[in-house]
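**Q** using only what follows, build the 3D model:
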Amino acid sequence: MLPIIFIIPIVQLIVLVNAATLEMKNIDVIVVDQDLSSTSRQLINKFKGSPFFVINDYTYDIENARNKLIMNDDELIIVIPKGFERNLIREGNTDLQLIINSINSTVAGLTNFYSKSVIMDFNKNILTDFYGVSKNNSMKSFNMNYSYWFNPELNYKTYMVPGILVILVTIIGMFLTALNLVREKEMGTIEQINVTPIKKYEFIIGKLIPFMIIALFELAFGLFIGKLLFNIPIVGSLWVLFAFSAVYLLVALGIGLFMSTISNSQQQVMFIAFFFLLSFVLMSGIFTSTESMPEWAQIINKINPLAYYMRVMRMVLLKGSGFINILKEFYILFLYGIGILGLAVWSYRKVA
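**A** Prediction:
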């Protein structure tokens, strides 16, 4: 139990934050250059200079490139047809083909976006090189300066650390609580406890409070690791974050207790917990925005406590939101916690 509580969550935090990312870097590219001109080489050099692309191979045969794409050796084929430079000089336009592996729509979309950015930059250079710019007839242009709020460097780890912390706190609060109580059933000690003078609420409080303390400790330690290793910003008040976390843990502990009351073995409770935890995590907004889900899914997601906690965790840590900004989520989870704890206590049978 001790390694599960203290070691595994920290290992998961370190590993998952680095592994669970939607950032696209080192996209494998194969170039089919059928023009072999200085302009085609200039375009290839643009892709070489981008931090997102890695050109693995060059070929003249497009079928060879397609075979590599099918074998997943490359993600993008850049096809520069014969006459690329000649058409550009004579007619002012030319053709260029991008063949993208789109099994993963997210990867394909980002690859297409990055490619277009490189080609647009190449196009600006071509306009200057081919047509020139005189002092009296300078090319009119405008510059755009971007400023990204709350995550200026667009660091995906800054976005992921709060999400992974939500999952770790949930595992401690929900999963281990359910396993601990069911283990009492399997060992037979629950029957001995049931016939003692101890009150039902005293027994339940004694089982739940330690896991709440452990989960809050895991949160504090996780924030320390996140700051130390990933330099995540902690803009908001930690008092607000821990107060909201305590309310959230009422919900997680209540769900864990309820699952233990309807299970007779650790195997049963693990299957039930896996079903709820997997559904809650995937619909919580850890990777994608919950607002992008279908309307019916957003309605179902209103009973997902992880979605509220995920949103508040990022609001407090990254935006610096105060208590007044999270009142809605606070009241919803507080009522949720009272309801699920009441249901769990009611469903627990104790024979005095």
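**Q** verify the stated contact: residue 261 with residue 348.
**A** Yes - in this structure, residue 261 is within contact of residue 348 by C-beta atoms under 8 Å, at 5.0 Å. No exception for glycine: its C-beta is placed from N, CA and C like everyone else's.
**Q** in a strand, residue 321, correct?
**A** No - looking at residue 321 with DSSP: H, G, I helix; E, B strand; the rest coil, it is coil, so not inside a strand.
**Q** number of residues surrounding it?
**A** Burial measure for residue 321: 19 neighbouring residues, criterion other C-beta atoms under 10 Å.
**Q** in terms of contact, does residue 20 touch residue 164 like I think?
**A** Yes - here residue 20 reaches residue 164: they are 7.4 Å apart, a contact under C-beta under 8 Å.
**Q** out of the two, which sits in the busier spot?
**A** residue 164 (21 against 14).
**Q** check what pLDDT that one gets.
**A** pLDDT for residue 164: 90.
**Q** assign a three-state SS to it, would you?
**A** Under three-state DSSP, residue 164 comes out as helix.
**Q** how close does it sit to residue 262?
**A** 29 Å (C-beta to C-beta, to the nearest Å).
**Q** list of residues touching the helix or strand harbouring residue 310?
**A** Following DSSP states H and E, one finds residue 310 within helix 305-314. Residues outside helix 305-314 that contact it (C-beta atoms under 8 Å, 6 or more residues apart in numbering): 159, 162-163, 165-167, 169-170, 241, 244-245, 248, 251-252, 255, 280-281, 283-286, 290, 301, 321, 326, 329, 332-333, 336.
**Q** so residue 42 touches residue 122, yeah?
**A** Yes - using C-beta under 8 Å, residue 42 is in contact with residue 122, at 7.0 Å.
**Q** which one of these two is surrounded by more residues?
**A** residue 122 (17 against 14).
**Q** report pLDDT for that one.
**A** 88.
**Q** can you give me the helices for the stretch 1-150 of the chain?
**A** Applying DSSP state H, counting those that start in this stretch to the stretch 1-150 of the chain gives helices spanning 2, 8-19, 38-49, 62-70, 84-91, 105-131.
**Q** next up, the contacts around residue 232.
**A** Residue 232 neighbours (C-beta under 8 Å, 6+ apart): 157, 158, 161, 162, 223, 226, 317.
**Q** make it 10 Å
**A** By C-beta atoms under 10 Å, 6 or more residues apart in numbering, the contact list for residue 232 reads 17, 151, 155, 157-162, 165, 223, 225-226, 317-318.
**Q** for the residue nearest to the spatial centre of the chain, give me phi and psi.
**A** Centroid-nearest residue in the chain: residue 287, 3.1 Å away (criterion: C-alpha atoms, centre = their mean). Dihedral pair for residue 287: phi -110, psi -40, per degrees, to the nearest 10.
**Q** hang on, it packs against residue 159?
**A** Yes - Residue 287 lies in contact with residue 159 (C-beta atoms under 10 Å); the separation is 9.3 Å.
**Q** where among the helices of the stretch 1-150 of the chain is the average confidence lowest?
**A** Among the helices of the stretch 1-150 of the chain, helix 2 scores lowest, with a mean of 70.
**Q** against which helices or strands is that one packed?
**A** Contact partners of helix 2 among helices and strands, from 3 or more C-beta pairs under 10 Å, 6 or more residues apart in numbering; DSSP states H and E: none.
**Q** quick one: that helix to chain centroid distance?
**A** Put simply, helix 2 sits 27 Å off its chain's centre (C-alpha atoms, centre = their mean, to the nearest Å).
**Q** which intervals of the protein have sub-threshold pLDDT?
**A** Low-confidence segments of the chain (pLDDT under 70): 1, 4, 21-23, 129-144, 146, 194, 349-352.
**Q** turn the helices of the stretch 1-150 of the chain into JSON lines, including distance to residue 211.
**A** Below are these laid out as JSON lines (distance: least, C-beta to C-beta, whole Å):
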{"stretch": "helix 2", "distance to residue 211": "13"}
{"stretch": "helix 8-19", "distance to residue 211": "13"}
{"stretch": "helix 38-49", "distance to residue 211": "52"}
{"stretch": "helix 62-70", "distance to residue 211": "50"}
{"stretch": "helix 84-91", "distance to residue 211": "65"}
{"stretch": "helix 105-131", "distance to residue 211": "36"}
